[in-house]
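K.L.:
Give me the fold of what follows.
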Amino acid sequence: MKNGTPTRLLALGAAALVFPALAHAHSGHALVYDCASGLAHPFHGWDHLLAMVAVGFWAMQLGGRARWMVPAAFVGVMTCAAVVGARGAAWPGLEPVIATSVLVFGLLIVTAARLPLTLGVALVSVFAASHGFAHGAEIPANAGASSYAAGFALATVALHALGLGIGHLALRGPRLLPRVLGAACAAAGAVLLLA
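P.N.:
Numbering: from 1, shown residues only. Got it, this is the predicted structure:
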């Protein structure tokens with residue numbers, strides 16, 4: 001990676017955090033669920049936010065092709081699952097699966113697990129399906145579905161980029177830092193499971 005890349009990734013992630021708030025800064029207008037609403041959606045729940053950043057972080061730990069393949073698999077599977085969720089299909093026990101994803105991604109970071117790339121992509125894809133299904137099921141009836149979906153897909157890409165940037169910086173810092181961050185993520189997942 002070039003020296004300026006981590007800074008650009010963090011800037012992209014920060015912009016993604018700020019943009020949804022700016023998009024809804026003007027009051028007095030009828031609420032329309034569009035791309036901006038989709039961009040804001042992943043920021044409404046800690047479970048989605050933490051999981052998406054953790055995927056980027058773990059991908060950075062894996063290195064090589066995993067840095068783009070793991071996040072790309074997440075976004076692709078999540079988007080396909082959102083279509084299924086938007087059509088009214090049921091997924092019993094969905095919330096515990098999403099909370100488990102936060103726990104598992106945190107544990108993968110703590111242990112710096114080096115799964116084979118195909119297994120890592122498969123694991124991330126299972127959890128991506130749960131997040132996508134939930135996003136799709138939550139698309140409001142008065143939404144422009146494709147615009148809304150594009151928004152939450154872009155927000156997910158930005159959160160993965162933020163995770164990649166944090167991972168890059170953490171891996172250059174004290175050796176304990178990635179474990180501390182992973183443990184915090186895993187603890188948040190455990191709390192979400194118990195809630």
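
K.L.:
How about the contacts made by residue 123?
P.N.:
Residues near residue 123 by CB atoms under 8 Å, 6 or more residues apart in numbering: 104, 115. All C-beta spots, glycine's among them, are computed from the backbone N, C-alpha and C.

K.L.:
Check what pLDDT residue 145 gets.
P.N.:
We have a pLDDT of 73 for residue 145.

K.L.:
now the one 3 residues further on
P.N.:
Reported pLDDT at residue 148 in the predicted model: 79.

K.L.:
Report the separation between the most centrally placed residue in the chain and residue 193.
P.N.:
Taking CA atoms, centre = their mean, the centroid of the chain lies closest to residue 52, which sits 1.8 Å from it. Here residue 52 is placed at a distance of 18 Å from residue 193 (CB to CB, to the nearest Å).

K.L.:
Run a quick check on residue 54 versus residue 109, I expect a contact.
P.N.:
Yes. Using CB atoms under 8 Å, residue 54 makes contact with residue 109 at a distance of 6.3 Å.

K.L.:
So if I had to pick from the two, which one is more boxed in?
P.N.:
Taking other CB atoms under 10 Å, residue 54 and residue 109 do not tie; residue 54 has more neighbours (31 against 27).

K.L.:
Assign a three-state SS to the residue nearest to the centre of the chain, would you?
P.N.:
Reduced to three states with DSSP: H, G, I helix; E, B strand; the rest coil, the structure at residue 52 is helix.

K.L.:
Quick check: chain neighbours aside, which residue is closest to it?
P.N.:
Nearest residue to residue 52 in three dimensions, chain neighbours excluded: residue 159, at 3.7 Å (CB to CB, 6 or more residues apart in numbering).
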